[in-house]
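S.K.: Give the three-dimensional model of this entry:
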Amino acid sequence: MRIRPLKVLTVASVLPEELSFLERLAYNFWWSWNRKAESLFSTVDPVRWERIRRNPVRLLKETPQERFRELVEDSAYRKLLGEVEKEFDAYLGQAPQLSWPSPGPIAYFCAEYGISECFQNYSGGLGVLAGDHLKTASDVGLPMVAVGLLYQQGYFHQHVTYNGWQQENFLDYDFSLLPIQLVRAESGAPLIIRVELPDGDVAAQVWKADVGRVPLYLLDTNIADNSTNPTYQNITDQLYGGTHETRIMQEMLLGIGGVRVLAALGIEPSVLHINEGHAAFCTLEWTRHLAQQLGLSFHEAAEITRAQTCFTTHTPVPAGNEIFSLGLLQRYFSRYMPVLGIEWEEFLKLGQANNGSSDEGFSMTILGLRMSNHRNGVSELHGHVARTMWQSLWPHVASDEVPIRSITNGVHIPTWVSSDFAALYDRALGPGWRQRPSEPTQWEAIATIPDAELWAVHVRRRQRLLEAVREHIRQRSGYYDEEHRQRAIAALHPNCLIIGFARRFATYKRSDLLFRNWDRLASILRNPSRPVIILLAGKAHPQDIASKEMMQRILTGIRNAGLEQHVIFLEDYDLGIARALVKGADVWLNTPRRPYEASGTSGMKAALNGVLHCSVLDGWWAEAALSDNGFTIGHGEVFATADEQDAHESESLYQLLENDIIPMFYERDAAGVPRRWVKRMKSAIATLAARYSTHRMLDEYRMAFYEPAAALGAVLAEQQGRAARELSRWKRTLPERWKTLRVISADVPDRGVIHVGEPVPVRLVLDCGAMNPDELLAQVYYGPLTAHGEFVQARVANLSLSHVEGARATFEGTYTTPDSGQHGFALRVLPHHPHVPDPVDLQLVVWVQGEQ
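M.R.: Next up, the predicted model:
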């Protein structure tokens, strides 16, 4: 007979009063980027701390009482405890580094968050970026609240068989052992929110993770309220798991449910920031909330939502964007649509390129783009790619004017800089690098650090990396049998050149680029006088069979080539492995197929620690690479076929290793210091640390997005949405009135040649028809031309309204060309409204241009 418990209880150790601060600290992730705070936990049990993935809550609950009694008697520990408590309280209470003019915070929505390896609520770079975003907002005191989902099984744990095939293990997490706490209503019962789904409402309870001063609220459907519907109960089981039905339910819960969580907590955000399309449904619920609150129609309230919403896209290929079939959408929104107050056809237009098409699915990215005024890609190159990819949504302008700008990602410096390098920076740079990390001047003194001192610090980090790798292989590797495990551990020689090569296995990331020529690679790695070790890690999505097969080809190829002692595979890649690699490798290798890497951030983390980035010119590296701050594979060329591209860049990588990287690393002076290598390390730190910090990134978001969004949203919402009503009405009548606009004449100089800097006068006369002159924006559009007569890097100059007579309006102005060569210009008129930040979004333009 199997006897089931009547009640399940968690029996935890009891902290002595003298150590009670440890519990308060454990439930705030601030400890994860404060070395002194982290040492309070690691000192309790250093070995166990690493084995439980640095989980302070679990550590405290499972530590024997005797160990706590020992710590109470340890005066040095008690002294450190007091220092950290004062520092923690000072951090929470310190004044913001910047002013935030709005009453409500920024609400940040994302499907995943990577904050610490003990909290596996992430799959990769998107989540880690989100975690760094929250940490930085906390550091600078920018009011922010975050929303996500809490996954019962998180992302999968990777097990790789001896023949190189990835298997996935999904483990249920015990939330009571994580640094999160259940949110309760005033009654003391768990806070529950509900979302309309086809078979009844799904209920979700809410957990809170404190990320410094930023609260992160996470929705969880694995509760008794959903026990009659196991499908609902399992919605938050896995990150990026399940079917399309699972995904649409997750994304409705994240977006619609997330806004309802904020409402239940009395949080009224001034700005919404949607980090990737998964959360774009939040714009619908926020619009519904505003409509109900202010007595507006959906379309009127949507004007406020657009004004307040910032949307960040991370996907550089159309196939990577979430699209739901119309049948699925109609089924799952059948109960929510009446609440929303919008017709089905109008709803479809929000997520389709071809408004209302029955042949086109509903794109979450298009929904995010259409429901936001502020949009961005995550690097300069990705911004260009995104503008080109989504030009069909703005067909009346060139791709350069598609209103998607670039804000390049960054990394949270306190999280990713090693303790050894942090101590070095404290000595050499003073406190400024911690207080103002995004200011390049704070890093200039890197050049004054003695080469030998910098190299000694890096050598210590290399040693720590190798120790971590040895322990990891002992604990977690199914890919190695016992013989190969011992050989791999023995191969980790401290004098080898160490290349970190860790990433998600995806075909566009080309993890196989390094392994195209096994004989060539073997000759590079096996040189007895210049040995090289590659530390390889990464997961493939469980449903991505092509990437799993690529991983298997690589791993079996390593074994067949006899390179197991030179290419070490680290199973179950996570933040812990990433942290060790970016802080201790010599080279960080990155081989995506341009232009499919939206940004990438691992190389930024590596550069903070003097690890040299080696990459193709894609993502962030396309704008960051200099001749002396890393290594570049190829020259950014694009070939006719993928195979040609791969062959060329694989050869370039082999040559780079043979002729530059390996010789430079092993070129030592009498003291054993690789001077040229260290010079390049210094350049990497000095040129990349400030520019690619999340402090710089967040400041760009604040100035370009958050503050304008909050300001315009407030204007539109005041007086019960009076300005929003007016704007909606103006937009509704605009298309018919626009049809009455006519060009009477365009007076331009008939010159074949003008000189650089010479003003060119332009005069445009319009019959405004039903439009008012102050509703018109007349512009000259000019710039250099290609051999085919097409504009490239065109500029715009506004013309001034100089005369009005009846319906006739005259606009005049001049423009100048800063460069010589073949140039052209055209004239255009766009509608203008003071509450529309970019007139391109109005989708109306009259061009005065040459014949096609």
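S.K.: so which strand or helix has residue 145?
M.R.: strand 144-149 (DSSP states H and E).
S.K.: Pairing partners for that strand, with directions?
M.R.: Strand 144-149 has the following strand partners under DSSP bridges: strand 106-109 (parallel), strand 214-220 (parallel).
S.K.: Now do the last one, average pLDDT.
M.R.: When the per-residue pLDDT values of strand 214-220 are averaged, the result is 99.
S.K.: just how off-centre is it within its chain?
M.R.: Chain-centre distance of strand 214-220: 18 Å, with C-alpha atoms, centre = their mean, to the nearest Å.
S.K.: Beyond the strand holding residue 145, next helix or strand please.
M.R.: strand 157-160.
S.K.: The next helix or strand after that following strand packs against which elements?
M.R.: Following strand 157-160 in sequence order, the next helix or strand is strand 166-169 (DSSP H and E). Applying 3 or more C-beta pairs under 8 Å, 6 or more residues apart in numbering; DSSP states H and E, we find strand 166-169 packed against strand 157-160, helix 545-560. In this view, the C-beta of every residue, glycine as well, is placed from N, C-alpha and C.
S.K.: picking that back up, extract the C-alpha set from the strand holding residue 145 and format it as CSV.
M.R.: Output of strand 144-149 as CSV, limited to C-alpha atoms (Å, rounded to 0.1, in the frame of the first residue of the first chain):
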residue,chain,number,x,y,z
MET,A,144,11.0,50.0,-13.1
VAL,A,145,8.8,47.0,-12.4
ALA,A,146,9.2,43.8,-14.4
VAL,A,147,6.7,41.1,-15.4
GLY,A,148,7.3,37.5,-16.6
LEU,A,149,6.3,33.9,-16.2
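S.K.: Would you mind putting the helices and strands packed on strand 166-169 into TSV with mean neighbour count alongside?
M.R.: Shown next, in TSV, are the helices and strands packed on strand 166-169 (neighbours: other C-beta atoms under 10 Å):
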stretch	mean neighbour count
strand 157-160	20
helix 545-560	17
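S.K.: Dump these to TSV, plus distance to residue 327 and mean pLDDT.
M.R.: Shown next, in TSV, are the helices and strands packed on strand 166-169 (distance: least, C-beta to C-beta, whole Å; pLDDT from 0 to 100):
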stretch	distance to residue 327	mean pLDDT
strand 157-160	35	94
helix 545-560	26	95
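S.K.: Quick check: mean pLDDT of the host helix or strand of residue 367?
M.R.: Using DSSP H and E, residue 367 maps to helix 364-370. Averaging pLDDT along helix 364-370 yields 98.
S.K.: Just the C-alpha atoms of the next helix or strand along the chain from it, please, in PDB.
M.R.: Going down the chain from helix 364-370, the next helix or strand is strand 374-377, by DSSP H and E. The C-alpha trace of strand 374-377 is given here as PDB (Å, rounded to 0.1, in the frame of the first residue of the first chain):
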ATOM      1  CA  HIS A 374       9.200  53.700 -30.100                       C
ATOM      2  CA  ARG A 375      10.900  50.700 -31.700                       C
ATOM      3  CA  ASN A 376      14.400  49.400 -31.900                       C
ATOM      4  CA  GLY A 377      16.800  46.700 -33.000                       C
END
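S.K.: Given strand 374-377, what are its sheet partners and their directions?
M.R.: strand 309-312 (parallel), strand 405-406 (parallel).
S.K.: so of the ones you listed, which one's packed in deepest?
M.R.: The highest mean neighbour count among the strands paired with strand 374-377, using mean count of other C-beta atoms under 10 Å, belongs to strand 309-312: a mean of 27.
S.K.: Off-centre distance for that one?
M.R.: 12 Å.
S.K.: Please, where are all the strands along the stretch 551-700 of the chain?
M.R.: Applying DSSP state E, counting those that start in this stretch to the stretch 551-700 of the chain gives strands spanning 567-570, 587-590, 612-616, 631-633.
S.K.: got these as TSV, with mean neighbour count, distance to residue 207 and mean pLDDT columns?
M.R.: Converted to TSV, these look like this (neighbours: other C-beta atoms under 10 Å; distance: least, C-beta to C-beta, whole Å; pLDDT from 0 to 100):
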stretch	mean neighbour count	distance to residue 207	mean pLDDT
strand 567-570	25	30	95
strand 587-590	26	34	98
strand 612-616	26	37	98
strand 631-633	22	43	98
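S.K.: now those strands as a markdown table including distance to residue 311?
M.R.: Supplementary listing: the strands of the stretch 551-700 of the chain in a markdown table, determined by distance: least, C-beta to C-beta, whole Å:
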| stretch | distance to residue 311 |
| --- | --- |
| strand 567-570 | 35 |
| strand 587-590 | 26 |
| strand 612-616 | 27 |
| strand 631-633 | 31 |
